[in-house]
Each structure stands twice: as structure tokens, then as C-alpha cells.
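A.B. asks: Just the structure for this:
(chains A and B)
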Amino acid sequence: MTSAVITPSSAPADEPAAASVPSHAPVKTEAVAAPVKRVKAPKPPRRPGTSWFWNRALPPVLGLALLIGCWALLTLKSNGFPTPIAVFRSAVDLFADPFYRKGPNDIGIGWNVLNSLGRVGLGFGLAALVGIPLGFLIGRFDFANRMVSPLISLLKPVSPLAWLPIGLLVFKAANPAAIWTIFICSIWPMVVNTAVGVQRVPQDYLNVARVLALPEWKVITRILFPAVLPYLLTGVRLSVGTAWLVIVAAEMLTGGVGIGFWVWDEWNNLNVEHILVAIFVIGIVGLLLEWLLIAVARRFTYEVQA
Amino acid sequence: MTTNPFIEVQNADMRFATAKGEFHALREVNLTVERGEFVSLIGHSGCGKSTLLNLIAGLLLPTGGALLCDGREIGAPGPERAVVFQNHSLLPWLSCQQNVELAVEAVFKTETRKQQAARAEAALQLVGMGHALQKKPHEISGGMKQRVGIARALAMEPKVLLMDEPFGALDALTRARLQDELLKIVDRTKSTVVMVTHDVDEAVLLSDRIVMMTNGPAATIGEIFHVDLPRPRDRVALAEDPAYVHARKAVIDFLYARHAHPEAA
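C.D. replies: Just a heads-up that it's a prediction; the model follows:
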């Protein structure tokens, strides 16, 4: 995801759809994940019962068992690194009462996760508010594309940690700085995917709009937006993933209440069991966010024409 | 025959700027289409027949010459020149009825929602798609999609119906059925039609005149053939009609003997 971002549209918006015009350079696609599409492919008939168990249910369980088994074996003789059982026990303890409050530095894991999610939501929401319209602009107007693309290529690979001091300097507070870091890191996938989506709206659809002489707002609401939505939702999905990645790092540095700071705090307490629990929690929350957004994308993705 | 030029193409010239330099698609194209006439544009691929159609549609503007529709210069696409696109171009997120309604709303702006919906439904009934109003394009077959595309164009009550290989992507049987239905619809609505095709039988069966184009680059009109067959036409009866066979022979002779495709040799 570090290669050049927005390739200048190979088909300018006003290019005619003349069948006799040769040479259509293909649009580069590296930096863009394909939107979730329901593709009709003939599925082999699935036999219910045993075959489903062997092919679908068993492998993931086996993988998890293998991971925990290796972990248990490796920690048999170690006294620094906790065993799976110790981690499981402390997880049970933690989740017995996830929403307790005992002073500013001792808060249940549930509160920590919710606080982190709140920051992610705010930073990501602001990024969506700015990033999606920016993506439309870049996709629709070549001039904007040429103007902004190099900047995006330059800024996109920057580590979240590098943005944090800027946030601290500008906002003079930890919490806005963390939100700023989420914002700046999660904006790029939305900008890029929206822009590519707009560039890839089939010329046929735009020709329909021209023949019907649709007013611009109708072109946007009835044609552009629905056509771009699958790409846009892919961008949102990637952005939320990035935001959740970034929050842990940002909170470790800014402190306060949140799962990232909690990890750091437990490290200072040398409570490695809790750190491992946190890693699982972070992973599971990230997975749930991803599933949620894939479900949303499925809901809004129109069937691709054959 | 009375001369009542409805579409006039005057000395049209079309050049495209491409990455490999300029491409001269059309030169010195002169054509008039009369009101109520069915004209086919036929030629080998790359001969610029679609380009000529897009010029009439206003989707392209000529680099030389002029095009007129009903005495006014064609400067932009407009709903009075409805286009049936080669690949139907239905919006996949709208149902069949919504696709047609989008066109109806654009043309009959002052009518109530109810009137607009009734127009859309009537157009879909006309092409035999009354049973699939609420279906999305991916739920219906290719032939049905093309019917909806035709319904969308007809619903706009255009002065001219422009069709770009409307049946090109369909199987032979479906194509024959849609051609028959198009014949009936055109007889009923007295539409003026300009159709691009590469199918000789289709051109002869449907057209009053067949415009045969030379090979590109810098293609132009090679010959225009009048199809003197009475309407209504019946494909089965025509199959052995000497006039039909003659027309067919004339077009094939032009396409394959005198203007064979350079790459086909």
C-alpha cells in the first residue's frame, strides 16, 4: 500500500464513448483493494454433515489449538512468560467485572475499550467527513487530482507516531492529539478509494446522464454516488482498520484511559497476562469492526452486471 | 418521395486526439434522414458507424461540418434524440421501472409522480416487460435488459431513436424476436430510427435505407441502398422474396467484395 496512489484518470470525464477510438490505457490498481462484490460463481454442492465439519469447522479450530499448544509448550519451563492457562484465568478475572472504576488509573477493561472506540469513532468520523468529499473532488476533476496526488503519496506512508507530536503541539492536549493522529492516518484509504471509484464510473452511465440531460445534483445522487458506493465502503473498511491499528500506538504515548494506554500501564506493572489479554481483545474488536463493515458493504453493493 | 430532411449531416469530419497521435475517423459524411424513416448504418468494425451515431446523438461534436436535427444544430446530447446503447447501460442499482422513470422524470418534468410512473409502466408494457417492473437488471436476461433499454428510450417520446448495435450482444433467436417486436413498435409509433448494425439481415429486414460505410481510417459513406420492401414485413415470407434476396446481395457485395475488411483478408 505504499506505491503511488491515484493514477491520473486514463479516461477523462469528457472523453466520448466512441467505439472507434483506440488506445485505452488501463487504470492502475495496485493501491486499491477491490470493493466487496457478490460474484455469482457456481459453487460445488456442499454436502451437509461430516464433510462440512472437516472442511469448514475443523481447520480454524485446529489452527487456534496449534497456536495455544505451541505457546503452552514454549512456556512450560519459562517463569517470565505466562502460560495460556494463567492468561485465561486473568481474562476470566478481568471480564468478571469489565466496568469498574477505582480511581483514574484503575478502570475496567470494558471502559478502556469503549474509550478507545470513542476516539477511533471521532477521528475516523472526521476523516470520513473530509476524506470522502475530497475523494469525489479528486476523482471528478483532473486538476485537483494532479494537485493533491503527489501530496497524498508523500503523506500516506508516514507513521502515525510521527503525526502525534504535531497534534500535541497544535492542540496542547493528549486526547485531541490522539484523535488527530487517527484522523490523519485513516483519511487516506477513503480519499484514494473514493477517487478511484469516481474515476471508474462507467462512461456508459455518464452518457445516459448526458442523453437524459440530467441536472448535476441528479447525476450525483442517482448515478455517481451509487456507482462509487462499493469503492467508498472499501475505503471506509480499510480506514477503520487503520484507525484501530493506530489507536493503540497513540494511546501508549498520550496516556489517559484506553486500551493502548492500559497495555502500557500493565507493562509498567509487569502484568504480562493482562497484556496478552489486551492483545486478544484488540484483535477481536478489530475483527468485529471488519465484519460489521463487510456486512454493511454487502448490503449496499449492487450486483455487478455480467 | 417527398423530401423532408429531419436529420441532416453536412460534410461532417471527425478526428480524435489519441496517445498515438491524431486519428481520422470520419470524413465528408453527408446524410439526410427523413421523418419516420428507418436508416441503418452498416460497415466493418472500426468504420466509424458508432462515431457517426454518437455525432447525431450529440455525445461527440464534429471537428468539421455540421449536424442538424429538425433544423437546429446539434450541440449537445438531449432527450429528443434518445439512445439505445449497445450494452443496454441500465443502472444496476435501480429496478427496471426506476431506470425508465429516471428518463421519464428528465423529460416530463412537470407531470406528477403518478403520471410519470404510468408512462414508465406503459413503455415497459410496450416492450413486453410489464412482468418485471420491480426486477433489478442483474435479475433479468440480456434480451430483457435490452428491452428495458428500448423502453427507456421510447418512454422519452423522442423525435429520433438512435440505436447502437442494440441486438449485437444477444443470441440469434432472441435477436430475431426483438427485431420483430421493434418492427411492430416502429410501425405503431412511426418513430424515426437510426440504427448501427453489422448484421446484414437485420439491416435489410428493418430499414428503409441502408447506409454502407467504407473502411476506416477516414471512413465515409460508400453507398446508400433503398430497401423497397412493403411494410409490415414478415421475416419468414421475406426469406425467399426476390427483392429481399437482391437487397441482401447488394449489401453483402458491398461489404465483402468491394470493401472487404483489410484485416479479414
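A.B. asks: Residue of the stretch 151-265 of chain B nearest chain A, please.
C.D. replies: residue B:216 (6.6 Å; CB to the nearest CB). The way it works is simple: take the backbone N, C-alpha and C, and place the C-beta from them, glycine included.
A.B. asks: Give the helix, strand or coil label for that residue.
C.D. replies: Under DSSP: H, G, I helix; E, B strand; the rest coil, residue B:216 falls in the coil class.
A.B. asks: My guess is it contacts residue B:49. True?
C.D. replies: No - checked against CB atoms under 8 Å, the pair residue B:216 and residue B:49 is beyond contact range at 9.6 Å.
A.B. asks: Looking at these two, which is more packed in?
C.D. replies: residue B:49 (29 against 22; other CB atoms under 10 Å in any protein chain shown).
A.B. asks: Please, where are all the helices along the stretch 151-300 of chain A?
C.D. replies: Remark: helices assigned in the stretch 151-300 of chain A by DSSP state H, counting those that start in this stretch are A:160-171, A:174-199, A:203-211, A:216-218, A:225-254, A:259-268, A:272-300.
A.B. asks: Using CSV, lay out those together with distance to chain B, mean neighbour count and mean pLDDT.
C.D. replies: Listed next are the helices of the stretch 151-300 of chain A as CSV, based on distance: least, CB to the nearest CB, whole Å; neighbours: other CB atoms under 10 Å in any protein chain shown; pLDDT from 0 to 100:
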stretch, distance to chain B, mean neighbour count, mean pLDDT
helix A:160-171, 36, 16, 89
helix A:174-199, 14, 26, 92
helix A:203-211, 4, 21, 91
helix A:216-218, 8, 11, 87
helix A:225-254, 4, 23, 90
helix A:259-268, 38, 20, 89
helix A:272-300, 9, 16, 89
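A.B. asks: Sort out which residues of stretch B:67-77 are buried, please.
C.D. replies: B:67, B:68, B:69, B:74, B:77 (16 or more other CB atoms under 10 Å in any protein chain shown).
A.B. asks: Now flag whichever of the residues you listed is closest to residue A:106.
C.D. replies: Taking CB to CB as the measure, residue A:106 sits nearest to residue B:77 out of the buried residues of stretch B:67-77, at 68.5 Å.
A.B. asks: Contact partners for residue 210?
C.D. replies: I'll assume chain A. Listed by CB atoms under 8 Å, 6 or more residues apart in numbering or on different chains, the contact set of residue A:210 reads B:58, B:59, B:76, B:77.
A.B. asks: ah, I was thinking of chain B
C.D. replies: Here residue B:210 is in contact with B:39, B:40, B:42, B:203, B:204, B:224, B:225, B:227, B:247, B:251 (criterion: CB under 8 Å, 6+ apart).
A.B. asks: at 6 Å instead, please
C.D. replies: Shown in contact with residue B:210 (CB atoms under 6 Å, 6 or more residues apart in numbering or on different chains): B:40, B:42, B:203, B:225, B:251.
A.B. asks: what does residue B:132 give?
C.D. replies: Counting by CB under 6 Å, 6+ apart, residue B:132 has contacts B:96, B:140.
A.B. asks: rerun that using 10 Å as the cut-off
C.D. replies: B:95, B:96, B:97, B:124, B:139, B:140, B:144, B:147, B:148 (CB atoms under 10 Å, 6 or more residues apart in numbering or on different chains).
A.B. asks: Residue A:74 now?
C.D. replies: Applying CB under 10 Å, 6+ apart, the residues near residue A:74 are A:81, A:83.
A.B. asks: got any ranges where the stretch 51-200 of chain A has weak pLDDT?
C.D. replies: Counting by pLDDT under 70, the stretch 51-200 of chain A contains low-confidence ranges at A:105.
A.B. asks: Three-state assignment for the residue most central in space within chain B, please.
C.D. replies: When chain B is reduced to its mean C-alpha position, the nearest residue by CA atoms, centre = their mean turns out to be residue B:163, at 2.0 Å. Assigned by three-state DSSP, the conformation of residue B:163 is strand.
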